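> Need the 3D shape of this:
(one chain, ligands or ions: 1)
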Amino acid sequence: MGAILQNPGVAKKMQEEINSVVDKERIVSERDISSLEYVQCVVKEMLRSYPTSSLLLPHESTQDCTVGGFFIPGRSRLIVNACAIGRDPSLCEDPLAFKPERLMGKNVDIVKDKGLFDMVPFGAGRRGCPGAAMAVVSMNLLLAQLIHCFDWSVEGDLDMTEVFGSTTPRSVELLARPALRLSTCP
Ligand code: HEM
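Residues are numbered from 1 along each chain as shown. Sure thing, here's the model as predicted:
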């Protein structure tokens, strides 16, 4: 929500896409999500820019191996820096900008492709988050509903500082004002 509020064009595009699939009389439901490509790209871009875990859970190599030219002895503890990978300019052009458009038409599947080295919010390597599919559906649905039902506004500039730790919540709570835009809303 913070990234969307900082980039008002994003909420507008989401509303336009949602309006083309769901009329203003009903709330977005799970079956609409597959038709909402831009909404899905917003969630993926959010996980790239602000991964829930900036440093993923520790992994341990079971045997000696070489990754990207680096020798890793067996039984080494590895901690993947998802935040650094998501913001690496060699993997993503203009990485500090929040641009869901960059993922449009690319059909990136963050659940199926989890573990690929430029797509790591749910884990890197063989072990990954078993809740990824549920998490993605929940985030798409919740975000689509929040943006479809309300116009959101904030006063002043948003402080996007994060707390240092294994997960990265905001350090300053997000206070945003909703204005109802649907004619019916539960
Ligand atoms: C945005 C939402 C979520 C993110 C970004 C996320 C991310 C992660 C990551 C990075 C790991 C570590 C994977 C590894 O490197 O081994 C993990 C592990 C795990 N996640 Fe999630 N997760 C999310 C939601 C969920 C949900 C909704 C569930 C359950 C319904 C869940 C259950 C688990 C469990 C049980 C593990 C431990 C797996 C193991 O020990 O091998 N997660 N998650």
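> centroid residue for the protein?
When the chain is reduced to its mean C-alpha position, the closest residue under C-alpha atoms, centre = their mean turns out to be L47, at 2.5 Å.
> burial count for the closest residue to the ligand within the chain?
Checking the chain residue by residue against the ligand with C-beta to the nearest ligand atom singles out G131 as nearest, at 2.0 Å. Backbone N, C-alpha and C define where each C-beta goes, glycine included. Residues within reach of G131, counting by other C-beta atoms under 10 Å, total 10.
> and if you look at I85?
I85 is surrounded by 20 other residues when neighbours are defined as other C-beta under 10 Å.
> So it: helix, strand or coil?
Three-state call for I85 (DSSP: H, G, I helix; E, B strand; the rest coil): helix.
> That one contacts F117, doesn't it?
Yes: using C-beta atoms under 8 Å, I85 is in contact with F117, at 6.9 Å.
> Need the residues touching each of the two.
Any residue near both I85 and F117 by C-beta atoms under 8 Å, 6 or more residues apart in numbering counts here, and that gives A124.
> Run through who's touching the lengthiest helix in the chain.
Using DSSP state H to define each element, the chain has its longest helix at helix 132-149. Residues from elsewhere that reach helix 132-149, judged by C-beta under 8 Å, 6+ apart: 1, 4, 11, 14-15, 18-19, 22, 27-30, 32-33, 36, 39-40, 42-43, 46, 110-111, 114, 122, 129, 152, 178, 180-182, 185.
> one step back: which ones are touching the residue nearest to the centre of the chain?
The neighbours of L47, taking C-beta under 8 Å, 6+ apart as the test, are G86, I110, P121.
> gap between it and A132?
10 Å (C-beta to C-beta, to the nearest Å).
> again, but for I79
When C-beta to C-beta is applied, the distance between I79 and A132 equals 19 Å.
> For those two, work out which one has more neighbours and name it.
Neighbour tally, I79 and A132, criterion other C-beta under 10 Å: the higher count belongs to A132, 16 against 11.
> quick one: pLDDT of the closest residue to that one other than its chain neighbours?
Sequence neighbours aside, F122 is the residue nearest to A132 in space, at 4.2 Å (criterion: C-beta to C-beta, 6 or more residues apart in numbering). On pLDDT, F122 comes in at 91.
> Enumerate the residues of the protein near the ligand.
For the chain, the residues in contact with the ligand under the definition C-beta under 6 Å from any ligand atom are 52-53, 56-57, 121-123, 127-131, 134-135.
> Drop anything exposed from those residues.
Using 16 or more other C-beta atoms under 10 Å as the burial test, the residues of the chain next to the ligand include T52, S53, L56, P121, F122, G123, G128, C129, A135 as buried.
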